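Engineer: Predicted coordinates and the sequence they were generated for:
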There are 2 protein chains.
Amino acid sequence: MKIKLQEDVLKDQNLAAEFNREVFKKNKILVINLMSSPGAGKTTLLEETVKALADEFTIGVIEGDLATERDAERLRSLGIKTVQINTVGGCHLDARMIAKTIPEFDFQTMDILFIENIGNLVCPAGYDLGQNYKVVVLSVPEGNDKIPKYPVMFKRSDVTIINKIDLLPYVSFYLDEAQNDLMAINPQAQLMALSARTGDGMEKWINWIKDSYQRCIKH
Amino acid sequence: MKIKLQEDVLKDQNLAAEFNREVFKKNKILVINLMSSPGAGKTTLLEETVKALADEFTIGVIEGDLATERDAERLRSLGIKTVQINTVGGCHLDARMIAKTIPEFDFQTMDILFIENIGNLVCPAGYDLGQNYKVVVLSVPEGNDKIPKYPVMFKRSDVTIINKIDLLPYVSFYLDEAQNDLMAINPQAQLMALSARTGDGMEKWINWIKDSYQRCIKH
């Protein structure tokens, strides 16, 4: 299916988000919008996630960065179709940018699309890309106080991943405080603690994606 | 001296930045705008910096956060006059916000003002607050690829601090690559590697502040 972008879609963020959602739904694609501070480990998490899912699912990735194709190249080296968006100065992805990438993918064969947003714990929180789920990654060296200090992001995300738990012995981060702070802001949120680098805790995240695919797409 | 804010100053960012610069200059205050990703350690660095300088200088702090007074309270517990700005959803401080805090300080007795910006490696880079220096903090768990991936921030900062070097044994961060990437983007930049937590490397940073005070203020 060749997807045509109409001009008015690209003039309005809400229209573009609805357009994306419609395209994703029609093509039975689970879409996850991955957000975090710079350096929280989104790309490493994506690499390990893709490795764990690639036998079962056809995966695509949209990589958002201010500059460089470094992250896209990391995913492409795993054989994953990846489109890089460079925002130059832009601090978040928006639905129009996502809509413009749609013709570059073969959505008929795709099962899961990951969108790696710009590293920014503030601006991306407010933008609907047409995804099924918003997932925020917080890494333990950042400190658990980031949840109350950047509440909008954690309030609007369906899943909060605590990444880099292999560094817990070396930094001040308290998982029980993070859990309490998250529940105070967003009682429906799911919290998953893991290390993408060591693999510790990854199973819960991978199973959550598989369950979400069953629930949202194959139901 | 009671400083009066004129209405037009608060209508225009450039006017506000010039107003701030004029006030700081007249009162012989060194002003440092501290920026980074969330959780790179700006507040811990500030705590240790203030402890090292408090005998010699009268210091003030402006704390920028989306929400909470947590960081301001950490500085106040050290006896430092600190004004908290909560931006609610705002992703950076701007010159007008800084201008509004001016009446809260006694600038006649102040030597150094630190402005801790919102944790965000993108948006604060573009905003002139009227400071003498822009300093960006990059922490080693974020990875050295953040310099080419967020080039505007590193291009516009006079000093790049690599913080949390105590974590170098546990993460993938290469100081020589960081140095090369920084020099490619901003050959005038100074790079200082330190750990605010252990104190390792802090002397160079403290000496740089003292030298800057001599150079900019007491000359």
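Structural biologist: Thanks, I have it.

Engineer: dump the residue contacts of residue A:174.
Structural biologist: residue A:144 (CB atoms under 8 Å, 6 or more residues apart in numbering or on different chains). For glycine as for every other residue, the C-beta is placed from the backbone atoms N, C-alpha and C.

Engineer: pLDDT at it, what is it?
Structural biologist: Residue A:174 carries a pLDDT value of 97.

Engineer: From chain B, how far out is it?
Structural biologist: 14 Å (CB to the nearest CB, to the nearest Å).

Engineer: packing partners for the lengthiest helix in chain A?
Structural biologist: Across chain A, the longest stretch assigned as helix under DSSP state H is helix A:13-26. Here helix A:13-26 touches helix A:95-101, going by 3 or more CB pairs under 8 Å, 6 or more residues apart in numbering or on different chains; DSSP states H and E.

Engineer: The helix it packs on - what's its average pLDDT?
Structural biologist: 96.

Engineer: quick one: residue A:84 and residue A:61 touch, right?
Structural biologist: No. Counting by CB atoms under 8 Å, residue A:84 sits too far from residue A:61 to count as a contact (9.3 Å).

Engineer: can you pull up the bridge partners for the residue nearest to residue A:190 when sequence neighbours are not counted?
Structural biologist: Distances taken as CB to CB, 6 or more residues apart in numbering or on different chains put residue A:159 closest to residue A:190, at 4.8 Å, once the chain neighbours are dropped. Residue A:159 has the following beta-bridge partners by DSSP bridges: residue A:135, residue A:190.

Engineer: Also residue A:116?
Structural biologist: Beta-bridge partners, per DSSP bridges, of residue A:116: residue A:34, residue A:63.

Engineer: Next up, the contacts around it.
Structural biologist: Residue A:116 touches A:34, A:42, A:43, A:46, A:61, A:62, A:63, A:64, A:71, counting by CB under 8 Å, 6+ apart.

Engineer: okay, now the last one: neighbour count?
Structural biologist: In terms of burial, residue A:71 registers 23 neighbours under the definition other CB atoms under 10 Å in any protein chain shown.

Engineer: Check the second one too.
Structural biologist: Burial measure for residue A:42: 27 neighbouring residues, criterion other CB under 10 Å.

Engineer: just checking, it touches residue A:135?
Structural biologist: No. At 9.2 Å, residue A:42 does not count as touching residue A:135 under the criterion of CB under 8 Å.

Engineer: Give me the common contacts of the two.
Structural biologist: A:34, A:35.

Engineer: What's the separation between the residue nearest the centre of chain A and chain B?
Structural biologist: Computing the C-alpha centroid of chain A and ranking residues by CA atoms, centre = their mean puts residue A:34 first, at 1.6 Å. Distance from residue A:34 to chain B, counting by CB to the nearest CB: 16 Å.

Engineer: and what of residue A:113?
Structural biologist: Taking CB to the nearest CB, one finds residue A:113 at 22 Å from chain B.

Engineer: residues near that residue, how many?
Structural biologist: By the criterion of other CB under 10 Å, residue A:113 has 27 neighbours.

Engineer: For residue A:75, what is the enclosing helix or strand?
Structural biologist: helix A:70-76 (DSSP states H and E).
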